[in-house]
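Enquirer: Quick one, structure for this:
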Amino acid sequence: MATPMPLSGLQPADPASMFAADVAGGLAHRPKRIPSKYFYDARGSALFEDICAQPEYYLTRTELSILARHAPDIAARVGARAMVVEYGSGSGLKTRRLLAALEEPVAYVPVEISPAALEATTAALAEEFPSLELLPLCADFTTRLALPEPSRPAAHRLVFFPGSTLGNFDLADAARLLAGMRADMGTGGMAVVGIDLVKDPALLEAAYNDAAGVTAAFTLNLLERINRELEGNFDLRLFEHRARYNPLAQRIETHIVSLADQLVRVAGTPVRFEEGEAMLVEYSYKYTLAGFSRMAAAAGLRLAEAFTDADGRFAVVLLERGQG
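Expert: Residues are numbered from 1 along each chain as shown. You can find the predicted model right below:
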């Protein structure tokens with residue numbers, strides 16, 4: 001049975017200090033904003049799994065259906081003996097489907113900033129893929145990565161970035177991330193990326209405002225986390241979740257909105273909120289295949305193939321290095 005390798009890579013700065021600094025900076029910003037990565041404490045991660053099961057939230061089940069149908073096609077294009085590098089580590093269900101389809105994958109490198117999440121991912125995959133070398137890398141995938149070398153030479157690298165997470169970055173940062181992906185895949189490498197597509201705004205807004213209120217609980221859990229970890233005193237009854245589609249920017253914009261004029265304290269620092277004031281906590285960009293192809297080309301990548309569901313809601317795209 002495969003044994004997960006020790007975590008490699010530079011350890012990130014103290015997560016508690018990073019959280020405190022980002023929250024303080026975000027609350028002082030005008031308009032206020034807090035990075036969406038802080039949704040994912042233990043309760044937030046559990047709530048997100050619940051979101052994925054909501055009938056309105058088509059993204060996860062649609063991407064899984066695309067992978068179930070087209071994983072053999074992707075594997076045929078990728079070829080044998082790939083080293084798979086995944087940006088972020090989630091439940092691992094999509095990863096399992098990809099790894100099972102690939103021909104003789106040499107190694108799997110999950111890149112994750114959370115050591116606990118990284119250890120959980122590699123432990124689970126070690127059980128299912130005992131012959132696969134696991135090389136967990138504790139790092140921020142938005143930075144330049146020093147990827148580990150597998151003990152058996154890989155024919156090429158495959159970067160895996162599912163879940164439409166790319167859409168959580170603004171367009172400039174997404175383009176930079178794609179450029180970094182080009183460097184990470186190396187010569188002859190490829191990437192598999194999940195992207196959510198532009199569609200009826202009613203379907204989009206429903207996906208981020210489920211009737212059961214799970215997404216609202218997920219969003220407001222960010223305030224609970226601040227209360228618990230940063231000595232905050234947010235009264236969650238005086239805030240609400242709001243997610244709306246901006247058709248000009250082609251993105252869902254998620255805010256936490258103050259329902260009253262109020263003064264909140266975080267780590268002893270007073271923070272004033274006006275009634276109706278909206279604090280940005282997440283973008284979720286939606287793409288057309290043509291628009292995404294142009295963004296990828298600007299980063300030196302070529303859209304080699306796109307696999308979509310029958311309704312054209314979501315796409316799993318295969319990228320390769322462009323000329324030059």
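Enquirer: pLDDT weak spots in the stretch 151-300 of the chain?
Expert: Scanning the stretch 151-300 of the chain for pLDDT under 70 picks out nothing.
Enquirer: now the helices for this structure?
Expert: Remark: helices assigned in the chain by DSSP state H are 15-28, 42-52, 59-78, 93-101, 115-128, 171-185, 201-207, 214-229, 289-298.
Enquirer: now what about the last one, what contacts it?
Expert: If you take CB atoms under 8 Å, 6 or more residues apart in numbering as the criterion, helix 289-298 is touched by 171, 174-175, 178, 195, 197, 250, 287, 302-303, 306, 315, 317, 319, 322. In this view, the C-beta of every residue, glycine as well, is placed from N, C-alpha and C.
Enquirer: Next: the longest one.
Expert: The set of residues that contact helix 59-78 without belonging to it, under CB under 8 Å, 6+ apart, is 52, 93-94, 97-98, 100-103, 156, 158, 162-164, 190, 192, 194, 196, 207, 304-305, 307-309, 313-316, 318.
Enquirer: Can you go through those and name the buried ones?
Expert: 52, 94, 97-98, 101-102, 156, 158, 162-164, 190, 192, 194, 196, 207, 305, 307-309, 313-316, 318 (16 or more other CB atoms under 10 Å).
Enquirer: Among those residues, name the ones in strands.
Expert: Residues from the buried ones among the contacts of helix 59-78 lying in strands, with DSSP state E as the criterion: 156, 158, 190, 192, 194, 196, 305, 307-308, 314-316, 318.
Enquirer: from these, which two are the most distant?
Expert: Distances among these were taken as CB to CB; the most separated pair is 156 and 196, at 27.4 Å.
Enquirer: what pairs with residue 306 across the strands?
Expert: Applying DSSP bridges to residue 306 yields these beta-bridge partners: residue 317.
Enquirer: hang on, it packs against residue 317?
Expert: Yes: Residue 306 is within contact range of residue 317, at 4.8 Å (criterion: CB atoms under 8 Å).
Enquirer: Can you pick out the residue with more neighbours from these two?
Expert: Shown here are residue 306 and residue 317; by other CB atoms under 10 Å, residue 317 has more neighbours (23 against 18).
Enquirer: Pretty sure residue 273 sits against residue 258.
Expert: Yes: Residue 273 lies in contact with residue 258 (CB under 8 Å); the separation is 3.9 Å.
Enquirer: where do the contact lists of the two overlap?
Expert: residue 279.
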